[in-house]
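Visitor: prediction below, plus the sequence it came from.
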Amino acid sequence: MKVIGMIGGMSWESSLEYYRIINLAVKEKLGGLHSARSLMYSVDFDEIEKFQHLGDWEKATEMMVEAAHRVERGGADFIIICTNTMHKMADEVEEGAGLPLLHIADAAARAIKEQGLATVGLLGTRFTMEEEFYRRRLEEKHQIKVFIPDRSDRQVVHDIIYNELCLGKIREESRQKYIDIIQRFSEEGAEGVILGCTEIPLLIKQEFSPLPIFDTTDIHARAAVEFALSDG
C-alpha cells in the first residue's frame with residue numbers, strides 16, 4: 001500500500017472527512033483491521049484565506065509548495081490536496097514535491113463519465129467557479145460542459161462556505177439557498193452538480209438535491225485509496 005500524503009486544513013472540517021473516508025474505504029476493500037498508510041500536513045487556514053481574498057496567489061502558492069515538501073519529507077508516495085480551490089496551483093505543488101499529484105477535478109470527471117453525464121453545474125468558492133483552472137480542466141481535458149451560477153448566486157455560495165461551513169455551521173436556510181441554485185442548474189439543462197468545495201457536502205446530501213450530486217470530498221478520497229492500492 002502506497003503512503004497517501006494529504007495537504008489539509010482548508011478547512012479542517014473537510015480534512016477530517018478525508019481522513020475518515022480514506023480509512024473507511026481501505027477497510028471496505030481489505031477488511032479486518034486494515035487502515036490507510038497516510039500522513040497529513042495541515043496548514044493554518046486563516047493564513048491561506050487571507051492570501052486568497054487579497055489575491056496574493058504567489059504567496060499562497062509558496063505556502064502550498066512548502067506544505068508539499070513537508071509531506072514528501074514525511075515519506076508520502078503521492079499527494080492529494082484536500083480542497084478544490086487550491087488546485088489552482090496543483091502543477092506547482094506537484095513539481096515542487098517531485099511526487100505524483102492526484103487531481104480532484106480528474107477524479108470528479110471520472111465519476112461524472114461513469115454515470116454517462118456530459119453537462120454539470122459547478123458549486124464552489126468564487127475562485128473555483130469564476131477562474132479557469134478548474135472549469136477548463138473539466139471542459140478541455142474531459143469534454144464536460146460546465147455551468148456556473150449567476151454573479152449573485154456565486155456570492156451566496158461563496159459566503160456560505162467561508163462564513164458558515166468552514167466554521168462548522170450548518171444552517172437549514174443556507175441549505176435551501178443551495179437547493180434553489182441547483183434547481184436553476186436543472187432548468188438550464190445541467191444533468192448533475194459538482195460539489196466543488198470540500199465543505200459543501202457537509203450541507204448538501206443527495207436526498208436534498210434535485211440533480212445527481214458529485215461529492216468531491218468522497219470521490220477524491222476514494223480515488224486516493226484506489227491509487228494507493230494499485231500497482232501503478
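Guide: Arrived safely, thanks for sending.
Visitor: could I get the full set of strands for this protein?
Guide: Assigned strands in the chain, in chain order: 4-8, 38-42, 78-81, 119-123, 145-147, 192-195, 213-215 (criterion: DSSP state E).
Visitor: if I read this right, Met64 contacts Thr83, doesn't it?
Guide: No. With the criterion set as C-beta atoms under 8 Å, Met64 and Thr83 do not qualify as a contacting pair; they are 9.9 Å apart. C-betas here are computed from N, CA, C, even on glycine.
Visitor: how is the chain partitioned into domains?
Guide: With automatic domain parsing serving as the domain definition, the record reports that the chain contains domains spanning 4-103+219-229, 105-216.
Visitor: about what we covered before: mind checking which of Met64 and Thr83 has more residues around it?
Guide: Set side by side, Met64 and Thr83 show unequal neighbour counts under other C-beta atoms under 10 Å, the larger going to Thr83 at 30 against 27.
Visitor: residue contacts, the more buried one?
Guide: Neighbour list for Thr83: 8, 10, 14, 197-198 [criterion: C-beta atoms under 8 Å, 6 or more residues apart in numbering].
Visitor: beta partners of Ile7?
Guide: Here Ile7 sits in beta bridges with Tyr41, Ile81, going by DSSP bridges.
Visitor: can you list the contacts of Thr83 in JSON lines and add distance to Tyr178, pLDDT and neighbour count?
Guide: JSON lines is the format used below for those (distance: C-beta to C-beta, whole Å; pLDDT from 0 to 100; neighbours: other C-beta atoms under 10 Å):
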{"residue": "Gly8", "distance to Tyr178": "24", "pLDDT": "97", "neighbour count": "23"}
{"residue": "Met10", "distance to Tyr178": "20", "pLDDT": "94", "neighbour count": "27"}
{"residue": "Ser14", "distance to Tyr178": "16", "pLDDT": "93", "neighbour count": "24"}
{"residue": "Cys197", "distance to Tyr178": "11", "pLDDT": "95", "neighbour count": "31"}
{"residue": "Thr198", "distance to Tyr178": "15", "pLDDT": "94", "neighbour count": "31"}
